[in-house]
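In: Starting from these lines, generate the structure:
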Amino acid sequence: MTPIRLVSSAKLPTEYGDFTIHAFEHSLGVETHVALVRGDVGTGENVLTRVHSSCVTGDIFHSARCDCGPQLQTAMRQIADEGRGVVLYLDQEGRGIGLANKIRAYALQDEGCDTVEANERLGFAADLRDYRSAVRMLHLLGVRSVRLLSNNPRKLAGVCADGVSVSERVPIEILATATTERYLRTKKAKLGHVLSSV
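Out: Sure, this is the predicted structure:
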């Protein structure tokens with residue numbers, strides 16, 4: 001089991017309503033992940049859940065290169081509207097390569113690479129993310145099965161392990177724009193994301 005523990009919790013009012021924020025740390029002190037929980041997970045069955053990897057550029061600076069920020073906002077809104085759900089925010093920037101390397105990948109994209117080619121030219125796999133921490137966090141929150149807000153089959157497979165099941169995949173598709181179309185086409189063609197708008 002992934003060595004991760006809950007270290008603190010607090011109320012978090014947001015523009016989408018009230019959540020409780022939980023901070024989780026690895027025992028080795030390498031990463032900090034957070035969970036936003038809306039309402040009471042109750043039996044832990046069929047909990048609407050978004051597993052979201054950190055994207056400083058998209059989530060904080062509202063970059064128009066990706067759909068990360070809009071996906072996070074949409075997930076928070078849907079969970080708030082439902083009155084019960086979880087957002088896991090995982091500390092694995094740039095599909096796991098880190099922020100500095102993500103900016104290096106951006107520079108390669110400016111030269112013509114797509115997102116997968118850029119990661120590979122830097123010596124990384126297309127996607128290094130690991131979802132074992134997400135599974136452990138869900139266990140600690142009392143979640144047993146999720147309705148997963150995702151377009152990513154690999155994420156679904158990664159979450160569907162060690163006692164957490166995915167009862168439904170809920171699409172969370174953001175319409176392509178002029179600046180995200182190639183990015184979304186690459187996710188669909190090379191990473192297998194289920195996308196209908198590109």
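In: Secondary structure element holding the residue nearest to the spatial centre of the chain?
Out: The residue lying closest to the centre of the chain (CA atoms, centre = their mean) is H52, at 1.3 Å. Element membership for H52 (DSSP states H and E) is strand 47-53.
In: partners of that strand, with directions?
Out: Partners of strand 47-53 in the sheet, by DSSP bridges, are strand 85-90 (parallel), strand 145-149 (parallel).
In: Nearest to F61, out of these?
Out: Evaluated over the strands paired with strand 47-53, closeness to F61 peaks at strand 85-90, with 16.0 Å, by CB to CB. Using the backbone N, CA and C atoms, a C-beta is placed for each residue, glycine as well.
In: isn't G42 right up against R84?
Out: Yes. G42 lies in contact with R84 (CB atoms under 8 Å); the separation is 7.3 Å.
In: Who are the packing partners of the longest helix seen in the chain?
Out: Scanning the chain for the longest helix, with DSSP state H as the assignment, gives helix 68-82. In terms of contacts (3 or more CB pairs under 8 Å, 6 or more residues apart in numbering; DSSP states H and E), helix 68-82 is packed against strand 17-26, strand 32-38, strand 47-53, strand 85-90.
In: Out of these, the one nearest T180 is which?
Out: Closest approach to T180 among the helices and strands packed on helix 68-82 (CB to CB): strand 47-53, 16.7 Å.
In: contacting residues around that closest one?
Out: 41, 68, 71-72, 75-76, 78-79, 82, 84-90, 92-93, 95-96, 129, 131, 134, 138, 143, 145-150, 155, 159, 170, 172 (CB atoms under 8 Å, 6 or more residues apart in numbering).
In: ok, back up a step: of G42 and R84, who's got more company?
Out: Neighbours per residue, other CB atoms under 10 Å: of G42 and R84, the larger number sits with R84, 15 against 11.
In: Now the closest residue to that one other than its chain neighbours: phi and psi?
Out: Counting by CB to CB, 6 or more residues apart in numbering, R84 lies nearest to G39, which is 3.8 Å off, once chain neighbours are set aside. Phi and psi for G39, reported as degrees, to the nearest 10, are phi 70, psi -160.
In: Got the domain ranges for this structure?
Out: 4-92+129-191, 101-128 (automatic domain parsing).
In: Which positions within the last one qualify as buried?
Out: If I follow you right, that is domain 101-128. Within domain 101-128, the residues that count as buried by 16 or more other CB atoms under 10 Å are 101-102, 104-106, 108-109, 113-119, 122, 124, 126-127.
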